[in-house]
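**Q** Predicted model, plus sequence, below.
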There are 2 protein chains.
Amino acid sequence: MPQKMNPSISDRTRQKIIRTTEKLFAEKGFRAMTLRDVTREAKVNLAAVNYHFGSKSKLILEVIRDRIEPINEERLKRLDQLIEQYASKPVPVNAIFDSLFRPLFESNGTGSGPNPALIQMIGRAFTEPADFMRGMHRDLFRDLTQRYLAELHRSCPDMTIETLQYRFFLSISTMLGATIDQVILENLSESKLGPRNYDRVVAELINYASAGFEQSAK
Amino acid sequence: MPQKMNPSISDRTRQKIIRTTEKLFAEKGFRAMTLRDVTREAKVNLAAVNYHFGSKSKLILEVIRDRIEPINEERLKRLDQLIEQYASKPVPVNAIFDSLFRPLFESNGTGSGPNPALIQMIGRAFTEPADFMRGMHRDLFRDLTQRYLAELHRSCPDMTIETLQYRFFLSISTMLGATIDQVILENLSESKLGPRNYDRVVAELINYASAGFEQSAK
DNA sequence: GTCTATAGAACGATAGAC
DNA sequence: GTCTATCGTTCTATAGAC
């Protein structure tokens, strides 16, 4: 039976599988990422995946869950800090989006700066059409969404709930698009936007989404 | 040898394959969409796909290309109309985005109103990680992108080229996110945003992207 | 916990009759 | 142009030795 309580033993195998899964799922999606790919690149035995994780589905679900949960915790932590900081006054929209977007792009999972594979993997997890993903979306994001919608409503009290939901959805879409494939960005721009300048990407994303959400211009 | 010149003969088989491919690729992506699925649902023989299209890859490339090209033509037609309409003055950003987004959501491919499967398929085509898609992205969108970037530059002369590219990329991301999966939207909103209210989606999308792009608020 | 070997199923593609 | 039948490949998953 796989044990999850003692990380000091040699579940280096486990960790190698997780890291390689993250990378290959980000690049290729669920169906195109084969266990043979993963085990070959991680330099572990093919049978190790089923021993440690039970199945391919359970592997990918566990990897995604393990990566997203700390990010969502960090998001809520920052949101709470903002609410405290602004006392009872509404938090500015761009500060709310900062707390929502930045933890994703700063997340590493290993402890050393932004992790492109992880960022891309989370975008992929959202657009992955495999059936077994549906339930996970709800589990991981329902409460978070309600929390952010409530806070945005407090900041934009004149906006109808429906409009608020539409614009929040568009903001999430923008964030996901910025994570999935920077190759598209390179193709579209024919410029040097690609090389993982996440500081700039995050800053642009927060400004863009805030302006789009509030639309005080029009 | 498959013939493409005479649509009056019975390539009803061809058409049934194309429509079913569109639907299943939109739902499941390239790898998870099997030819057995397609031919079963289209009620044609399994061997018909290879007879008419040569291979699974050629099938999906042909379907995507046939659907996207008319949309891109319509986009450029509307953009030209705007330029004429505004004489030599810069075209407002929201009008530019209108010409870019609306043809996608109004596209049908069959001649009768918005086609959800087609809209979703185009979003899927962008996020599809399969290797053989890369070249197609560039073929179909490089010129279009350059054209729109040039026009947006004329409307926002004070914006640096780099910023312009970043924000245009974010606008494309927003559009794609709005096409791919309305199930996510339903999960996130727990509301009745889902039922294909494309008029509302397009209007919100254009306003959102225009405001995000210009950011005259901040 | 790691390995080899393989079962069992599904896939894309094609040969050949009609 | 449509069909049946099947080849060859690749996949997930597992049995069993070490």
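**A** Sure thing, it's come through.

**Q** Can you tell me which helices and strands the longest helix that chain A contains packs against?
**A** The longest helix of chain A (DSSP state H) is helix A:56-85. For helix A:56-85, the elements it packs on are helix A:12-32, helix A:46-53, helix A:93-106, helix A:116-127, helix A:134-155, judged by 3 or more CB pairs under 8 Å, 6 or more residues apart in numbering or on different chains; DSSP states H and E. Using the backbone N, CA and C atoms, a C-beta is placed for each residue, glycine as well.

**Q** Could you report the neighbour count for residue A:150?
**A** As a burial measure, residue A:150 scores 10 neighbours (other CB atoms under 10 Å in any protein chain shown).

**Q** Same check on residue A:66?
**A** 12.

**Q** Quick check, it in contact with residue A:18.
**A** Yes - Residue A:66 is within contact range of residue A:18, at 7.4 Å (criterion: CB atoms under 8 Å).

**Q** wait, what's in contact with residue A:103?
**A** By CB atoms under 8 Å, 6 or more residues apart in numbering or on different chains, residue A:103 lies in contact with A:71, A:74-75, A:78.

**Q** Output these as a markdown table; include the columns distance to DNA strand D.
**A** Listed next are the contacts of residue A:103 as a markdown table, based on distance: CB to the nearest atom of the strand, whole Å:
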| residue | distance to DNA strand D |
| --- | --- |
| A:71 | 26 |
| A:74 | 31 |
| A:75 | 32 |
| A:78 | 37 |
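
**Q** Which of those sits closest to residue A:131?
**A** residue A:71 (24.0 Å; CB to CB).

**Q** For PyMOL, write a command that selects the buried ones of the contacts of residue A:103.
**A** In PyMOL, a selection of the buried entries from these looks like this (16 or more other CB atoms under 10 Å in any protein chain shown):
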select buried, chain A and resi 71+74+75+78
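
**Q** What is the nearest of the contacts of residue A:103 to DNA strand C?
**A** residue A:71 (27.6 Å; CB to the nearest atom of the strand).

**Q** and that closest one, what does it touch?
**A** A:103-104, A:107, A:122.

**Q** Give me the below-cutoff pLDDT ranges for chain A.
**A** Scanning chain A for pLDDT under 70 picks out A:1-10, A:109-112, A:181-196, A:217-218.

**Q** what's near enough to touch the spatially most central residue of it?
**A** Residue closest to the mean C-alpha point of chain A, counted by CA atoms, centre = their mean, is residue A:122 at 3.9 Å. By CB under 8 Å, 6+ apart, the contact set of residue A:122 is A:64, A:67-68, A:71, A:104, A:179.

**Q** run the last query once more with 10 Å
**A** A:22, A:26, A:64, A:67-68, A:71, A:104, A:107, A:175-176, A:179-180 (CB atoms under 10 Å, 6 or more residues apart in numbering or on different chains).

**Q** what would these look like in CSV with distance to DNA strand C?
**A** CSV is the format used below for these (distance: CB to the nearest atom of the strand, whole Å):
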residue, distance to DNA strand C
A:22, 18
A:26, 23
A:64, 22
A:67, 21
A:68, 25
A:71, 28
A:104, 31
A:107, 27
A:175, 32
A:176, 27
A:179, 28
A:180, 23
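
**Q** is it true that residue A:140 touches residue A:64?
**A** Yes - here residue A:140 lies in contact with residue A:64, judged by CB atoms under 10 Å, at a distance of 8.1 Å.

**Q** shared neighbours, the two?
**A** Joint contacts of residue A:140 and residue A:64 (CB under 10 Å, 6+ apart) are residue A:125.

**Q** In terms of neighbours, single out the busier of those two.
**A** Counting neighbours by other CB under 10 Å for residue A:140 and for residue A:64 shows that residue A:64 has the greater number, 23 against 17.

**Q** which residues does the residue lying closest to the more buried one once chain neighbours are set aside contact?
**A** In space, and not counting its chain neighbours, residue A:64 is closest to residue A:125: 4.9 Å by CB to CB, 6 or more residues apart in numbering or on different chains. Counting by CB under 10 Å, 6+ apart, residue A:125 makes contact with A:25-26, A:29-30, A:60-61, A:63-65, A:67-68, A:133, A:136-137, A:140, A:176, A:179.

**Q** and the gap between residue A:125 and chain B?
**A** For residue A:125, the distance to chain B equals 11 Å [CB to the nearest CB, to the nearest Å].

**Q** do residue A:58 as well
**A** 18 Å.

**Q** I'd guessed that residue sits against residue A:51; true?
**A** No - taking CB under 10 Å as the definition, residue A:58 is not a contact partner of residue A:51, at 11.8 Å.

**Q** Residue A:205 and residue A:197 touch, don't they?
**A** No - contact criterion CB under 10 Å: residue A:205 and residue A:197 do not qualify, at 12.0 Å.

**Q** Comparing these two, which residue is more hemmed in?
**A** A count of neighbours by other CB under 10 Å puts residue A:205 above the other of residue A:205 and residue A:197, at 29 against 14.

**Q** Could you measure from the more buried one over to chain B?
**A** Relative to chain B, and taking CB to the nearest CB, residue A:205 is found at 6 Å.

**Q** which element is that residue on?
**A** helix A:198-214 (DSSP states H and E).

**Q** elements contacting that helix?
**A** Secondary-structure packing of helix A:198-214 (3 or more CB pairs under 10 Å, 6 or more residues apart in numbering or on different chains; DSSP states H and E): helix A:93-106, helix A:116-127, helix A:134-155, helix A:161-180, helix B:161-180, helix B:198-214.

**Q** now with 7 Å?
**A** Counting contacts by 3 or more CB pairs under 7 Å, 6 or more residues apart in numbering or on different chains; DSSP states H and E, helix A:198-214 packs against helix A:93-106, helix A:161-180, helix B:161-180, helix B:198-214.

**Q** Around DNA strand D, pick out the residues from chain A.
**A** Residues of chain A found near DNA strand D (CB under 7 Å from any atom of the strand) are A:33-37, A:46-47, A:49-50, A:54-57.

**Q** Now list the buried members of those.
**A** By 16+ other CB under 10 Å, the residues of chain A next to DNA strand D give A:33, A:35, A:37, A:49, A:56 as buried.

**Q** of the residues you listed, closest to residue B:118?
**A** Nearest to residue B:118 among these, with distances taken as CB to CB, is residue A:33, at 27.6 Å.

**Q** what sits against the residue nearest to that closest one when sequence neighbours are not counted?
**A** With CB to CB, 6+ apart as the criterion, residue A:33 has its nearest non-adjacent residue at 4.5 Å, and that residue is residue A:24. Counting by CB atoms under 7 Å, 6 or more residues apart in numbering or on different chains, residue A:24 touches A:33, A:37-38, A:41.

**Q** one step back: which residues are contacting the helix holding residue A:205?
**A** A:93-94, A:97-98, A:101-102, A:105, A:114, A:156, A:167, A:170-171, A:174-175, A:178, B:166-167, B:170, B:208-209, B:211-212, B:215, B:217-218.
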